[in-house]
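> Structure, please.
(one chain, ligands or ions: 1)
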Amino acid sequence: MKKLLITRHIAEPVLEQARARFDVTLASAPLSVDDCAEALGAYDAILPTLGDDFTAGAFAKAGANPRCGILGNFGVGYSHIDAAAAAAHGVAVTNTPDVLTDATADIGMTLLLATARRAGEGERMVRAGRWGGFGPKVGLGTHVTGKTLGIIGMGRIGQAVARRGHFGFAMPVIYFNRSQKTVDFPARQVENLHDLMAGADFVVITVPGGAANAKLVDRDALAAMKPEGILVNIARGEVVDEAALIEALEAGRIAGAGLDVYEHEPHVPERLRALENCVLLPHLGSATVETRQAMAQMALDNIIAFTEGRPPPQKVN
Ligand code: GLV
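Numbers count the residues shown, from 1 in each chain. Below you'll find the model as predicted:
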């Protein structure tokens, strides 16, 4: 039996299928660079996820022809894997697109609504016994319906958020995407990031992580936002200059932020946690029972395809 390392507990039915076909080792904590190098030499296939550090250094340490032939990543984002280094070492990398699009877009809307309507703050108030009762000026937030929605990165998840905004909340949609992109619902592509930041009431980030988009939303981009603007990040923490965002929120230069992702997860800076004008979630984008099972299934199916000599359908490198 081929040896498969699954780096975190996954849905039971998928785990059972894996155990029927492979000699499975189940890990339970993120793999360091050294752990990754060791695993590349010890297993035929690995099902890793966010937090496992498959850097160029890990591949270099594992040597020219590691035993492992495939990393069937659990997750659509794979910026924790150096896919080019993997390819250079003969290791295929796959991901889990499509199955998590709706769940992730739903978290985008959850954050947008919760931040605009001060739901986090309100919840904390009720739980702490600090609510003094209904009042015409208690808990006033920002109206959502009809406001302009700006999407950074009009891929699958960006389009799913945009559809929710357009069809559900009558929001005019603008978007910034590096390549020309047409979509099948009303939405306008803007020339540059500045125009997006300046034109939107709500900015939702849905670009992939990794070096190409590191600190794409920097100090200048944040400065271009309207004072009543709200930033939502459901992509990767590294896409935003977190320190600049904290400064903008503290100074009240933007109205709020809804974040599902952070620069150094699971670390969330104390200064961010102290702010009332942001809603902070623990990377819940794809976290529904159905979606997480579908992701596990897709990751395993790619590994099975590879080990049976078929091309893995979601290969990215
Ligand atoms: C989750 O963030 C994923 O990339 O699937």
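> Now Val203: which helix or strand?
strand 202-205 (DSSP states H and E).
> Specify the local secondary structure of Arg253.
coil (DSSP: H, G, I helix; E, B strand; the rest coil).
> average pLDDT across the helix or strand following the strand holding Val203?
Later in the chain than strand 202-205, the nearest helix or strand by DSSP H and E is helix 219-223. For helix 219-223, mean pLDDT is 98.
> The following helix or strand past helix 219-223 pairs with which strands?
Next helix or strand after helix 219-223 toward the C-terminus (DSSP H and E): strand 230-233. Here strand 230-233 has these sheet partners by DSSP bridges: strand 202-205 (parallel), strand 256-259 (parallel).
> which helices and strands sit right next to whichever helix or strand comes after the last one?
In other words, strand 256-259. Using DSSP H and E, the helix or strand that follows strand 256-259 in sequence is helix 270-273. With contacts taken as 3 or more Cβ pairs under 8 Å, 6 or more residues apart in numbering; DSSP states H and E, helix 270-273 sits against helix 242-250, strand 278-280. Yep, even glycine has a C-beta here, placed from its N, CA and C like the rest.
> Of the ones you listed, flag the one that's most buried.
strand 278-280 (a mean of 22; mean count of other Cβ atoms under 10 Å).
> if we look at it, which residues are touching it?
Strand 278-280 is contacted by residues 111, 114-115, 119-120, 249, 256-259, 268, 272-273 when judged by Cβ atoms under 8 Å, 6 or more residues apart in numbering.
> Of the residues you listed, just say which sits nearest to Thr55.
For the contacts of strand 278-280, the residue nearest Thr55 by Cβ to Cβ is Val268; the value is 23.1 Å.
> Contact partners for that closest one?
Taking Cβ under 8 Å, 6+ apart as the test, what Val268 contacts is 262, 280.
> distance of it from the ligand?
Per Cβ to the nearest ligand atom, to the nearest Å, Val268 is found 16 Å from the ligand.
> again, but for Glu123
Taken as Cβ to the nearest ligand atom, the span from Glu123 to the ligand is 24 Å.
> That residue falls within a helix, correct?
Yes: counting by three-state DSSP, Glu123 is found in a helix.
> Give me the secondary structure label for Met295.
helix.
> coming back round to it: any chance of the helices and strands packed on helix 270-273 in CSV, with distance to the ligand and mean pLDDT too?
Output for these, formatted as CSV (distance: least, Cβ to the nearest ligand atom, whole Å; pLDDT from 0 to 100):
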stretch, distance to the ligand, mean pLDDT
helix 242-250, 17, 98
strand 278-280, 16, 98
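> No more questions from me, cheers.
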